[in-house]
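>>> I'd like to go over a predicted model; first the sequence, then the structure.
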Amino acid sequence: MSYSGPSVPEGSPSWERRIKPLGDPILDDFRNHLYLCLRAVLGVKPTALQYDVGEYLQYGPQLRIIFGFRGMSKSWISAFFTDWLAARNFALKDGHPDINVLVASGTKDRAENFTTFTRELFYHVDHLNHLVPADIQRWSLSNFDVSGSVPSQNATVASRAIFGRMAGDRADVIVGDDLELPQNAETQGQRDKLARRIADFQNILKPGGEVVLLGTPHFEDTAYARLKENGYSRRIWPGRVPEPAEEEVYMGDLAPFIRTVGPPGSPVEPTRFDEEELRRAESAGRSVFRMQWMLDPSLGDETRYPLKLRDLIVCDLDPDVGPDRPVWSGGQEQRLDSLPCVGMRGDSWQAPLGFGGPGGRPSFSPYTGVVCAIDPSGKGANETAWSVVASLGSYLYLLDVGADVRGYDPPVLARILSTLRATRCRHVVYEENYGGGMFGSVLGSYLTTAGYPCTIEPVRHSQMKEGRIIDSLEPVTNSHRLVVNTSVATQDAPRRGDEDGGHRYRLWHQFTRIERVKGALAADDRLDSLAIGVSHWTAQMRVDHEATVASIDAERHSKAIQRFWARKNRRSGRSAGAGGVTSRSAGFSYGRRSPVILPPPTQ
């Protein structure tokens, strides 16, 4: 045995099940069984890679995950492993096996195909012939017993679709074969559901039971990655030997075998997938190859999820005035690692490089407008969410956000009123699609009664929500024109009372997981309110920002000259002379070399 890594303690149920010596070379070493199965079915020998996977299956820890590239024969190996467990248990129990193996797959068809293949091996592999059961035992597509099985409500081997019926099932071993597929984990809601379903395996296992998961990740937020936090170990076999600089994406889970194959770039399975075959796979698309063959999901999610926290500017914002020229930087020095970041791997909050005012000094101006955008909802799972977005030139400033699950209740309206007062906002826009404008009437009446009347404007949307949100936010964020108040970045709380899935209600979780797929997010109310607020200022943002701040500079310049003459006249006690004065001679320098002569103020 060459296996090195975490295993199970001697004498434990898992050790008895797959490691305890039985005096039979086939039953003592899964690799021998793997060799005989492949010779009997395909007439070929296992490859070095398949032997390595088989060794990890036998000697690995109680909860283990196998990541392998497409075509690595994960399903075949797991089918051979299932029959080998049954054969070992037959010998351990003197011909009266009591093991229960539950095989879960991504779909019903895949699950039943697995069971069919597994039982057909009994007829084709000589040392498994004795496991063919008597006619009175179970022998269906989804459940079968082996010869001599003790009576049980659960079959020796049963297969289920991951979202199929599992109530009442019990198992010593659960084999999860390709649980995560594009069709069942395409959206965030589906991935959350899949993760919960896999977590439920612990309720199906008998004491001392174990789980082995085999699959290929399709998303950075893969359900498999989350399971590491729940005690699972993971090994990864990519299609090529990665460069040393690339190994970071595997988070220490790269199979040690990979480093013995050859130099970086070498095919890991050269007898089946040589250089020519790998290049053909690469021709289908670099992102697909990195995801499905190199098992690196980061590149796929880079294009899949267009909104990034690192494209925003984070700083403290005043409710009345904003910085004229916030300068974005993606530099390491501007990373705000002290702030909680729910973005994908490698994402971060960024502080401004500076504010680039006249003469290198920061300058601030009153906002040209402030709007509170509201996405209303009734009671239930959805939230009433609001975002306060201010405009100054072609920059937008996210001053405050909020959300409440209580619909139109007075406490919710009171929270909105408090936000309006704190941000000096007198203009509200809300989505009219829900409730036919009822929310606007209720809010307008409440604000009038409270003595805080606002302009309340409905907006209606007809295109797919996900596409509309991205179309509103992506141009602004990609050009680094959205400035976020530090408090909004740090106080992004999950929904109260929902410890399991409360993170889905965080604004920035929604922001970084939105994609152009219908139903991409399990919850999107907070993000939708932000998109409504940004969309409100779209026309304003078409204004040339430099022209706007140049106008502001000119106005300040003029006022400074006016104040200079006023002070001079007060000190001299006379009216201004007829002579002119330049901005430089008056003692004001805005970093310009303009020779323009300004006349004295009109008396």
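On my side now, so go ahead. Note that this is a predicted model, so its numbers are computed, not measured. Residues are numbered from 1 along each chain as shown.
>>> contacting residues for Leu36?
Leu36 makes contact with Ile26, Val125, Asp126, His127 under the criterion C-beta atoms under 8 Å, 6 or more residues apart in numbering. Every residue, glycine included, has its C-beta placed from N, CA and C.
>>> out of those, which are buried?
Ile26, Val125, His127 (16 or more other C-beta atoms under 10 Å).
>>> What is the nearest of these to Tyr250?
Checking those against Tyr250 by C-beta to C-beta gives Ile26 as the nearest, at 33.3 Å.
>>> For Ala87, see how far away that closest one is.
Using C-beta to C-beta, to the nearest Å, Ile26 is found at 8 Å from Ala87.
>>> about what we covered before: which of the contacts of Leu36 fall in helices?
Ile26 (DSSP state H).
>>> Would you reformat the contacts of Leu36 as CSV and include distance to Ser329?
Shown next, in CSV, are these (distance: C-beta to C-beta, whole Å):
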residue, distance to Ser329
Ile26, 63
Val125, 63
Asp126, 68
His127, 66
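>>> export the contacts of Leu36 to a markdown table and tack on pLDDT and distance to Asn203?
Putting the contacts of Leu36 into a markdown table (pLDDT from 0 to 100; distance: C-beta to C-beta, whole Å) gives the following:
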| residue | pLDDT | distance to Asn203 |
| --- | --- | --- |
| Ile26 | 97 | 34 |
| Val125 | 96 | 34 |
| Asp126 | 95 | 38 |
| His127 | 96 | 35 |
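>>> Go through the contacts of Leu36 and name the one nearest Leu473.
Distances from Leu473 to the contacts of Leu36, taken by C-beta to C-beta, are shortest for Val125, at 57.3 Å.
>>> any shared contact partners between Ile26 and Ala87?
With C-beta under 8 Å, 6+ apart as the test, Ile26 and Ala87 both reach His33, His127.
>>> Now Cys315. Its backbone dihedrals?
Dihedral pair for Cys315: phi -160, psi 170, per degrees, to the nearest 10.
>>> what about it, how many neighbours?
Number of residues near Cys315 (other C-beta atoms under 10 Å) recorded here: 18.
>>> now do Val476
As a burial measure, Val476 scores 22 neighbours (other C-beta under 10 Å).
>>> Over to the one 10 residues further on?
With neighbours defined by other C-beta under 10 Å, the count for Thr486 comes to 15.
>>> residues in contact with Leu213?
Each residue near Leu213 by C-beta under 8 Å, 6+ apart is listed here: Arg64, Ile65, Ile66, Val175, Gly176, Leu179, Ile198, Tyr224, Leu227, Tyr232.
>>> so it bridges to which residues?
Beta-bridge pairing for Leu213 (DSSP bridges): Ile65, Gly176.
>>> And Glu457, by the same measure?
Val429.
>>> which residues touch it?
Contact analysis of Glu457 by C-beta under 8 Å, 6+ apart lists His427, Val428, Val429, Tyr430.
>>> Just send the residues you listed back as a markdown table, with pLDDT too.
Output for the contacts of Glu457, formatted as a markdown table (pLDDT from 0 to 100):
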| residue | pLDDT |
| --- | --- |
| His427 | 97 |
| Val428 | 97 |
| Val429 | 96 |
| Tyr430 | 95 |
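>>> Mind putting the contacts of Leu213 into a markdown table with distance to Ile514, pLDDT and neighbour count?
Listed next are those as a markdown table, based on distance: C-beta to C-beta, whole Å; pLDDT from 0 to 100; neighbours: other C-beta atoms under 10 Å:
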| residue | distance to Ile514 | pLDDT | neighbour count |
| --- | --- | --- | --- |
| Arg64 | 33 | 94 | 21 |
| Ile65 | 28 | 94 | 22 |
| Ile66 | 31 | 94 | 26 |
| Val175 | 34 | 95 | 26 |
| Gly176 | 29 | 94 | 25 |
| Leu179 | 24 | 91 | 23 |
| Ile198 | 24 | 91 | 23 |
| Tyr224 | 22 | 79 | 24 |
| Leu227 | 25 | 83 | 20 |
| Tyr232 | 28 | 91 | 19 |
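>>> just these now: which is nearest Asn143?
The nearest member of the contacts of Leu213 to Asn143, counting by C-beta to C-beta, is Val175 at 14.6 Å.
>>> Tell me the spacing between the nearest residue in space to Gly402 that is not next to it in sequence and Tyr430.
Once flanking residues are discounted, Gly402 sits nearest to Trp386: 5.3 Å by C-beta to C-beta, 6 or more residues apart in numbering. Between Trp386 and Tyr430 the computed distance is 9 Å (C-beta to C-beta).
>>> Kindly report the same for Tyr59.
As judged by C-beta to C-beta, Tyr59 and Tyr430 stand 60 Å apart.
>>> more neighbours, these two?
Using other C-beta under 10 Å, the more surrounded residue of Tyr59 and Tyr430 is Tyr430, with 24 against 20.
>>> isn't the more buried one right up against Val459?
Yes - the pair Tyr430 / Val459 is scored as a contact, 7.2 Å apart, by C-beta atoms under 8 Å.
>>> got any residues that touch both of Trp386 and Tyr430?
Ala373, Ile374, Asp375.
>>> In strands only, show me the residues you listed.
Assignment to strands by DSSP state E places the following of those there: Ala373, Ile374, Asp375.
>>> ok, back up a step: which neighbours do Tyr430 and Val459 share?
By C-beta under 8 Å, 6+ apart, Tyr430 and Val459 have these common neighbours: Ile532.
>>> What about Ser418, how many residues nearby?
Residues near Ser418, counting by other C-beta under 10 Å, number 12.
>>> Could you name the helices and strands sitting against the strand or helix carrying it?
Here Ser418 sits within helix 410-423, counting by DSSP states H and E. Helix 410-423 is packed against strand 369-375, strand 384-392, strand 395-404, helix 438-449, with contacts defined by 3 or more C-beta pairs under 8 Å, 6 or more residues apart in numbering; DSSP states H and E.
>>> With respect to Arg504, which of those lies nearest?
When these are compared by C-beta to C-beta, strand 395-404 sits nearest Arg504, at 12.1 Å.
>>> so the nearest residue to Leu254 once chain neighbours are set aside, which of the three states?
Excluding the flanking residues, the one nearest Leu254 by C-beta to C-beta, 6+ apart is Ile236, at 5.4 Å. Following DSSP: H, G, I helix; E, B strand; the rest coil, the label given to Ile236 is strand.
>>> confidence score at Ile236?
pLDDT, Ile236: 94.
>>> now do the one 3 residues further on
Here, the pLDDT recorded for Gly239 equals 94.
>>> Val150: how many residues sit nearby?
The number of residues packed near Val150 is 11, by other C-beta under 10 Å.
>>> That one and Gly95 touch, don't they?
No - counting by C-beta under 8 Å, Gly95 is not a contact partner of Val150; they are 10.4 Å apart.
>>> which stretches of the stretch 501-603 of the chain have low pLDDT?
501-502, 539-553, 556, 573-603 (pLDDT under 70).
>>> which residues in it form strands?
Taking DSSP state E, counting those that start in this stretch, the strands of the stretch 501-603 of the chain run over residues 581-582, 597-598.
>>> what about the stretch 1-150 of the chain, any weak spots by pLDDT?
The model of the stretch 1-150 of the chain has pLDDT under 70 over residues 1, 136.
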